[in-house]
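J.: okay, here's the prediction I keep looking at, along with the sequence it came from:
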Amino acid sequence: MDTLLTTLAGWLEPWATLHGDSVGLQTGVVFVHLAGLLIGGGGAVAEDLGTLRVARGDPARRGERLNLLGIAHRTVVFGLALSAATGALMLGADFEAMAGSAVFWVKMGLVAALLANGALMMRAETGARSPGPDGARAWRMLTRAAGASALLWFLILFVSVLLRQSA
C-alpha cells in the first residue's frame, strides 16, 4: 500500500510543486472549494429547512415545495461539483498527508453519506407526488432526509475546517 501511495504522490509531484509555490493558486483553489460549499450547502440547507416547514404545515403547499426542490437540485449539484473538483486539486497538492489523515477519510465518509442521502431524497420526492398512504410515507422519508441533509452539510463544513487546521 505504501508503494502505491508513493507512486501516486510521485505522479502528482508537478501539481504539488506548482500549488505549493503559488499563494495565489492556493488561495484560488480554497476559495472555489468554499464557494462550492456555500453554493451547494447553502442552497441545500435552505431547501431542507423549507421542506421541514412545509411538512409540518399545509399539505396543499407540498406540490409547490416538490417543484422547488427539483429546481434547487441543479444548483446544489453545481456547488458539489465545484467542491469535488477543487477538493481533488487540494488532495493532489498534499496527497500523502491527506491519504494518511483520519480527518480526511471522515470527511470523505460524510460526503458519501450526503450523496447517498441525496439519492434517497430524490426517490422520496418522486414518491411524495403520489396520493394516499404511499405519498404520506414518502413525505416522512423526505422529511427525515431533509433533516439528515442539513446535518450532513454542517458536519462536512466542520470537518473541512478541522482538516484545514490539521494540515
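T.: That came in fine, so what should we check first? Because the structure is predicted, anything quoted here is derived from the model rather than measured.
J.: helices or strands up against the lowest-mean-pLDDT helix or strand in the chain?
T.: Ranked by mean pLDDT, DSSP states H and E, the helix or strand of the chain with the weakest confidence is helix 2-20, at a mean of 87. The contact analysis (3 or more Cβ pairs under 8 Å, 6 or more residues apart in numbering; DSSP states H and E) places helix 2-20 against helix 23-56, helix 62-93, helix 95-99. (Each C-beta comes from the backbone N, C-alpha and C, glycine too.)
J.: outside of stretch 33-49, which residues touch it?
T.: Applying Cβ atoms under 8 Å, 6 or more residues apart in numbering, the set of residues contacting stretch 33-49 from outside is 68-69, 72, 75-87, 90, 146-147, 149-150, 153-154, 156-157, 160.
J.: for this protein, identify the residue most remote from the centre.
T.: Most distant residue from the mean C-alpha position of the chain: Gly132, 32.3 Å away (Cα atoms, centre = their mean).
J.: for the closest residue to Gly135 other than its chain neighbours, give me its contacts.
T.: The shortest distance from Gly135 to any non-neighbouring residue, by Cβ to Cβ, 6 or more residues apart in numbering, is to Ala128 (5.6 Å). Neighbouring residues of Ala128 by Cβ under 8 Å, 6+ apart: Arg62, Leu66, Gly135, Ala138, Trp139, Leu142.
J.: cool, Arg137 as well?
T.: With Cβ under 8 Å, 6+ apart, Arg137 has these contacts: Gly127.
J.: how about stretch 52-64 as CSV, C-alpha atoms only?
T.: Extracted C-alpha coordinates of stretch 52-64, given in CSV (Å, rounded to 0.1, in the frame of the first residue of the first chain):
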residue,chain,number,x,y,z
LEU,A,52,-39.3,20.7,7.1
ARG,A,53,-41.5,23.7,7.4
VAL,A,54,-43.9,22.6,4.7
ALA,A,55,-44.0,19.0,6.0
ARG,A,56,-45.4,20.4,9.3
GLY,A,57,-47.8,22.9,7.6
ASP,A,58,-50.5,22.9,5.0
PRO,A,59,-50.4,19.8,2.8
ALA,A,60,-51.6,21.8,-0.2
ARG,A,61,-48.2,23.5,-0.4
ARG,A,62,-46.3,20.3,-0.7
GLY,A,63,-46.6,20.2,-4.5
GLU,A,64,-45.0,23.6,-4.8
